[in-house]
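*Asks:* fold the following.
(one chain, ligands or ions: 2)
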Amino acid sequence: MRIAVVGGGPGGLYLSILMRKIRPDSEITLYERGAPTDAFGFGVVFSDETLTVFEHADPETYSQIAERFTRWTDIDIHHRGVRTTSGGHGFSAIGRRELLRILQERAVALGADLRFGCEAPPPSELGWADLIVGADGASSAVRTALARDFLPSLDRRHCRYMWLGTDLVFEAFKFFIAETEHGVVQAHAYPYDDGMSTFIVEMHERTWKRLGLGELSVADSVAWSCELFADALTGRRLSANKSRWINFVTVRNRRWCTDNVVLLGDAAHTAHFSIGSGTKLAMEDAVSLAWAFRSFGDDVVSATAAYEAERRPIVESTQRAAQASLEWFEGIGRYVGQQRLQFAFNLLTRSRRVTYENLRLRDPSFVAAVHPDPRPPMFTPFRLRGLELRNRVVVSPMDMYSAVDGTPGDFHLVHLGARALGGAGLVMTEMICVSDIGRITPGCAGMYRSEHVDAWRRIVSFAHQHGGCATGAQIGHSGRKGSTRLMWEGMDEPLPAGSNWGVIGPSAIAYTPRNQVPRAMTRADMDVVLDQFVWAARGALEAGFDLLELHMAHGYLLSSFLSPVSNRRDDEYGGSLAGRARFPLEVLDACRAVWPSDWPVSVRISATDWVPGGFGVDDAVALSRMLAAHGCDIVDVSSGQVTPLEKPAFGRSYQTPFADRIRSEAGVPTVAVGAISSYDDVNTIICAGRADLCALARPHLYDPAWTLHAAAEQEFDMDAWVPQYQPGSRKPPAGRDRVRAELERTFEEVELLSSDARA
Ligand SMILES: Cc1cc2nc3c(=O)[nH]c(=O)nc-3n(C[C@H](O)[C@H](O)[C@H](O)COP(=O)(O)OP(=O)(O)OC[C@H]3O[C@@H](n4cnc5c(N)ncnc54)[C@H](O)[C@@H]3O)c2cc1C
Ligand SMILES: Cc1cc2nc3c(=O)[nH]c(=O)nc-3n(C[C@H](O)[C@H](O)[C@H](O)COP(=O)(O)O)c2cc1C
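*Replies:* Residues are numbered from 1 along each chain as shown. Ligands and ions are numbered 1, 2, ... in the order given. Here you go, the predicted structure:
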């Protein structure tokens, strides 16, 4: 097989090595426009977990690389004149030039034809090759030439950085945080051989502009960095190597292969250097692509497809972590005011890959210093006005679509009752609709008749008497998303013809072409709805709820006023954010006025519509300030469901960064929600100060006693088991292990059965 490799970075070279190893008959021509010693930058860092893959793939290169590794375990954070150390991490680093030298020599020894100083011909001129590999870095010409097939997206990020080196050999991975009058400047530094360390200087584009660094030459920028970080450098110098101020670009491609052309490494995907994974990803890509050829022989199309199928989920997961990390550094100004240890914890857990539990294993004394309380962070109490929650876990609102004429019945008693016994600090109801036409579906619960108040009182009394938790009523109006079917009969689908009721909204714009066009509300309509909210708030009070939540999220009525997607009014209730927020704030004022001043009110918002031109996170921060000024005590931060055109970036804890921003920028307590499923995530979020409470929805459908089980697994004596269940309270960990083992066995059997069936 004849292979043209475009680019002699770590990815292209490692692929050449592995292909020559597994297919000694392959002819490899590698084009590299630079000279063999022409490496930009300084050192590259790998984490310990990375290395076994390379050890197995090619022990020869691995042993040479490993011999030259500089290794360390500590991360030091220098913040406001104090160093905070977290140990047990395990990193290795090597000079980029040294790494390339080892790979080049090995590739030549195995018979690859490396052509340095040679610009690669475009793919259209490489017709002789059976396989063309675009390993030509983040600005890949191969990708550009075939952009219509690969469909790349390039996301230019908001920080400027410069990759520098210093002859000061640090003993740890170091973060130096410098605060200037124009914003924060951070340095990421680590040793990579006996005489040198990498030193990357980074700051928000805004800070970079205000500091006038764009007008300085590279030499002057280096001198400026030396001065800013003089203490860190202890008088040593910084040096440049083809360095300049650049913006990181996150590269993504819809496809990585087309016909006989395949992208690999930075050409296919980039991951911010703060999680140190670019070189690792490029080299792992090479392993996967080479291994695919071992399975598929000369079948280039199948091999490249198998490579993409294997690598894409891993790469996307790394890119999500890198995205969280780069966004954290873009917003570092929000966190520098945190107490020193919390700031350090926040920094270390920024990518979501390192968590409270990881850190406890790596360095128990560090975590004990950050969180000296013997209770895990999730089990610390939290006060909102006169209400003290026993812990930070909230059963998130979940519509059960099981009410009859708005009346919650036995299903609700058992459902909410079970969760009330489950240990959470706060159990929220589903959205309780303020009128019959304010229901989403005919099965939605309400609070617009006296029998509704009585029915809710029965549930709340049970929760208080047996569960010992606080209870919250979420009240809302469906607006233009009303008059639809039960979840399991077709979410957001209109009811069968003849049974629909008329819907209302800020403007006459339907949610989807299938849904009804709402009637644009008049001031008189607003008065009616306002009175309905007040009636429901009073009902919640009479029923005994401890907290009132107004539902201003997910595209329902109040949310649809907030979003420019659904609110196109030209009166004082539309236009600017202040106009769009006017009616929701009137509702908040009216409800706050009847809700006791000693009891808390929360508001759930969609922090982003996930569409260009929609409600965005900046709006959410501004809105949260307004909500707080109108008596809202905590913002429950969800997102989306405002328009079907949304493109959410789902992932673990994907909405938590919004709660974090609102909490730190608007200074309002927040509830984080969305894909938070482990107690470790809850502990991490609370300990880092990203939110004050964590709401979990689907995990509570799986396990009503989620919090009690989290306590048992952490060996925390929660003292919340009802006496009736006490005999089972000491068993869960063992019981769970058994269940898990049984499940694993079952899965293995299923796997065996299905492979038998395939055979
Ligand atoms: C500031 C900074 C710090 C980083 N720190 C780390 C780190 O700590 N750890 C880590 O793992 N990664 C780090 N990286 C990322 C890492 O450098 C890249 O992810 C990695 O080098 C990707 O390897 P690659 O082979 O895909 O591409 P590259 O290393 O970019 O190699 C591509 C090669 O292709 C050549 N080329 C391009 N076009 C042509 C053409 N038309 N003809 C011929 N040759 C061509 C280029 O000259 C280049 O040598 C960092 C990157 C930056 C910018
Ligand atoms: C069955 C179901 C019903 C829901 N009903 C509501 C609701 O009535 N009000 C609300 O604000 N959110 C509702 N949600 C959204 C959840 O409260 C939560 O925000 C979302 O499920 C993400 O959290 P999770 O990843 O922990 O499930 C519902 C979610 C589910 C799964």
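*Asks:* quick one: end-to-end length of stretch 110-128, please.
*Replies:* This stretch, stretch 110-128, spans 22 Å end to end (C-alpha to C-alpha, to the nearest Å).
*Asks:* right, I mislabeled it, should have said stretch 659-669
*Replies:* For stretch 659-669, by C-alpha to C-alpha, the gap between its terminal residues amounts to 9 Å.
*Asks:* ranking helices and strands of the protein by mean pLDDT, which lands last?
*Replies:* Of all helical and strand segments in the chain, the minimum by mean pLDDT, DSSP states H and E falls on helix 732-758, at a mean of 45.
*Asks:* excluding sequence neighbours, find me the nearest residue to residue 423.
*Replies:* Spatial nearest neighbour of residue 423, excluding adjacent residues (C-beta to C-beta, 6 or more residues apart in numbering): residue 707 at 3.2 Å. In short, each C-beta sits where N, CA and C put it, glycine included.
*Asks:* distance of the one you found from ligand 1?
*Replies:* Distance, residue 707 to ligand 1, by C-beta to the nearest ligand atom, to the nearest Å: 39 Å.
*Asks:* quick one: the strands in the stretch 51-200 of the chain?
*Replies:* 70-72, 75-79, 82-86, 91-95, 113-116, 131-134, 152-166, 173-180, 183-191, 197-204 (DSSP state E, counting those that start in this stretch).
*Asks:* pick the most deeply packed of those strands.
*Replies:* Ranked by mean neighbour count, the strands of the stretch 51-200 of the chain are led by strand 131-134 with a mean of 28 (mean count of other C-beta atoms under 10 Å).
*Asks:* list the helices and strands that one packs on?
*Replies:* Packed against strand 131-134 by the contact rule (3 or more C-beta pairs under 8 Å, 6 or more residues apart in numbering; DSSP states H and E) you find strand 2-6, helix 141-145, strand 261-263.
*Asks:* mind checking the strands of the stretch 51-200 of the chain for the one nearest to ligand 2?
*Replies:* strand 152-166 (25.2 Å; C-beta to the nearest ligand atom).
*Asks:* partner strands of the closest one, parallel or antiparallel?
*Replies:* Sheet pairing of strand 152-166 (DSSP bridges) gives strand 197-204 (antiparallel), strand 238-240 (antiparallel), strand 246-253 (antiparallel).
*Asks:* hmm, it touching ligand 1?
*Replies:* Yes: if you take C-beta under 6 Å from any ligand atom as the test, strand 152-166 does meet ligand 1, through residue 163.
*Asks:* nearest spatial neighbour of residue 84, chain-adjacent residues omitted?
*Replies:* Using C-beta to C-beta, 6+ apart, the closest residue to residue 84 is residue 344 (4.1 Å).
*Asks:* meant to ask about residue 574, not that
*Replies:* residue 567 (5.1 Å).
*Asks:* so what does the one you found have for phi and psi?
*Replies:* Backbone torsions of residue 567, given as degrees, to the nearest 10, read phi -110, psi 100.
*Asks:* could you do residue 74 as well?
*Replies:* Dihedral pair for residue 74: phi -90, psi 150, per degrees, to the nearest 10.
*Asks:* wondering if stretch 387-399 reaches ligand 2 at all.
*Replies:* Yes: applying C-beta under 6 Å from any ligand atom, one finds stretch 387-399 touching ligand 2 at 396, 397, 398, 399.
*Asks:* could those be laid out in JSON lines, adding neighbour count?
*Replies:* Below are those laid out as JSON lines (neighbours: other C-beta atoms under 10 Å):
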{"residue": "396", "neighbour count": "25"}
{"residue": "397", "neighbour count": "25"}
{"residue": "398", "neighbour count": "18"}
{"residue": "399", "neighbour count": "20"}
